[in-house]
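Visitor: Task: produce atomic coordinates for the following.
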Amino acid sequence: MHLSPVQTFKAMKKYLFTTLIFLGLMVNSGRCQTIDTLLDVGGYRLYFHIIKGTGMPILFEGGSGADVTVWDDILKPLADITHATLITYDRAGFGKSELDTTNDDLDRHGILHGIEGLETGLKKLGYNGNIMLIASSFGGFCATLYAGRHPATVKAAVLIDANHICWFTDAWVDSEMKERRRTSANTKKQNLAYYYQSLNLQNTVDLMKQTPFPATIPVIDLVSEFNFPDSALAARWKVCHRQFADAQPNREGITAYGCGHIIFRDNPLLVVSAIVKAYTGTQGKEQGDEIMKRFLSYSLQGTNSEKRKEVQYRHSADNLVSWGRSLLQQGEKEKAIEVLKLNVVLYPGSAEAYESLAGGYELAGNKELAIKNYKRSVELDPNNTNVENHLKELIASPPAK
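Guide: Have a look, this model is predicted:
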């Protein structure tokens, strides 16, 4: 999903490493080894976080700007259930991975070059054989490109509110590219990797139009119930996912009810279940039966745990934000703003509550109140440069006609 930096991007802290790091930490009573390493993939180094197992590896592709930590909630249960090797990594310039700063050419920092770097890293690690893919958001494009280049070795995929090319219409891309070029200087100051990714949108879309997801690979495609505040964009997102799932008999489309874009945080049990189901389908009967026994034990505990989280979540700040955004998506702007106003009353110390209320006012066309609440959000969280920069752009923007 491609949104503005305020909606989709949290500025990443970049860590510099001088040597390869092999941690050899033992988890799961000694059954799994966790490895963290930086690998040279051709002039720059990619950071990999791997939980070693005995089964076919599972590779995770996160969203735009995400690092390996986004998967923390589901890695341990998946390792316990599948016994697979789990591979997460930071794309170039994000998290702990380096960015090749010797070349400013956009193609050098495009998605194809990124996948080539990933392939080099996987080969060095010895994981360039059979594999299963998990992808979220922008990672859907990465997974599609990787699968298109390795259709024989990718045995299954689970896509989690992932990008599908049918959503990216020419009109939307043209409009988005104009906005991205307009704000590119500011984006470059915030994060160089995101700057390259942002300006590569047209090139990425052109490449993905030539790279359909291989029809031979089984896919479970999860789509969120709540994603874009704009109802037209949200409807197109869901239609596109339905078209993708309906295109092949080996694809299963599932709506993640009550979930926003980050489904694996809103409903980790659903995502773990989908991954286990897809992974089991790649195994023989004996291995599959053992996996399902472990999954049943997990799901019993997980269901009870999710109920406890649900009670804690109810009427929390996150709950009210989700409710307000869902109302915005349905075009109920006045109701949404009332819910988001209640959120700042109940949680006056929450920067996100004020940010969400400001976004509601902005969508409703009330620039004055949007600016006021964005300012309060920045006061509460001065480190959130995305909100601060968006506020500056909003202040500088001409009044609506």
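Visitor: mind checking the SS state of Gln243?
Guide: Assigned by DSSP: H, G, I helix; E, B strand; the rest coil, the conformation of Gln243 is helix.
Visitor: Now do the same contact list for it.
Guide: Gln243 makes contacts with His164, Cys166, as judged by CB atoms under 8 Å, 6 or more residues apart in numbering. To be clear about C-beta, it is placed using only N, CA and C from the backbone, and glycine gets the same treatment.
Visitor: pretty sure Gly63 is in a helix, no?
Guide: No - Gly63: not assigned to a helix; according to three-state DSSP it is coil.
Visitor: From what I see, it and Phe138 are in contact.
Guide: Yes - counting by CB atoms under 8 Å, Phe138 is a contact partner of Gly63 at 5.1 Å.
Visitor: do you know how far Glu116 is from Leu59?
Guide: According to CB to CB, to the nearest Å, Glu116 and Leu59 sit 15 Å apart.
Visitor: Which of the two has more residues huddled nearby?
Guide: Taking other CB atoms under 10 Å, Glu116 and Leu59 do not tie; Leu59 has more neighbours (23 against 15).
Visitor: Nearest spatial neighbour of that one, chain-adjacent residues omitted?
Guide: Nearest residue to Leu59 in three dimensions, chain neighbours excluded: Ile87, at 4.8 Å (CB to CB, 6 or more residues apart in numbering).
Visitor: what about the one you found, neighbour count?
Guide: 23.
Visitor: Which elements pack onto the helix or strand harbouring it?
Guide: Assigned by DSSP states H and E, Ile87 falls within strand 84-90. When contacts are defined as 3 or more CB pairs under 8 Å, 6 or more residues apart in numbering; DSSP states H and E, strand 84-90 packs onto strand 45-52, strand 55-61, helix 72-82, helix 111-125.
Visitor: Not counting its own residues, what contacts the longest one?
Guide: The contact list for helix 111-125, computed with CB under 8 Å, 6+ apart, reads 37, 39, 41-42, 44, 46, 48, 50, 59, 87, 89, 91-92, 107, 128, 131, 141-142, 145-146, 149, 200, 203-204, 207.
Visitor: hey, where'd the helices end up in the stretch 251-400 of the chain?
Guide: Ranges of helices within the stretch 251-400 of the chain are 263-266, 268-280, 285-313, 317-329, 333-346, 351-363, 367-380, 385-396, based on DSSP state H, counting those that start in this stretch.
Visitor: Buried deepest among those, which one?
Guide: Mean neighbours per residue, mean count of other CB atoms under 10 Å, is largest over the helices of the stretch 251-400 of the chain for helix 351-363, with a mean of 23.
Visitor: Just list what that helix packs against, helices and strands only.
Guide: helix 317-329, helix 333-346, helix 367-380, helix 385-396.
Visitor: let's see it at 10 Å
Guide: Here helix 351-363 touches helix 5-8, helix 317-329, helix 333-346, helix 367-380, helix 385-396, going by 3 or more CB pairs under 10 Å, 6 or more residues apart in numbering; DSSP states H and E.
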